[in-house]
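Trainee: okay, sequence plus prediction incoming.
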Amino acid sequence: MKTWSLKRVSKELWPWKFSVFRWKRREFQPNIVDDVVFKILYVVEAVVLVSTLCFFYLCCGCHF
């Protein structure tokens, strides 16, 4: 008669248990992300500034 331990049973039933949840390492370059975010925010800021200037001249600006 064999004696079964909990460790042995769990290893036999779930050999893939922890390997599934491991993250794969990737070469990640944060400089690329910084460049993309900077370009997007640059465009957003330009649109906000131009729209604010247009709103000011349309509503409160000079009347000739």
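Mentor: Now that the structure is in, tell me what you want to look at.

Trainee: low-confidence ranges in this structure?
Mentor: For the chain, the stretches flagged by pLDDT under 70 are 1-28, 62-64.

Trainee: ranges for the helices of it?
Mentor: Assigned by DSSP state H, the chain shows helices spanning 6-13, 30-59.

Trainee: got a markdown table for those, with mean neighbour count too?
Mentor: Every residue, glycine included, has its C-beta placed from N, CA and C. Shown next, in a markdown table, are these (neighbours: other C-beta atoms under 10 Å):
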| stretch | mean neighbour count |
| --- | --- |
| helix 6-13 | 9 |
| helix 30-59 | 10 |
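
Trainee: report the contact partners of residue 42.
Mentor: Contact partners of residue 42, counting by C-beta atoms under 8 Å, 6 or more residues apart in numbering, are absent.
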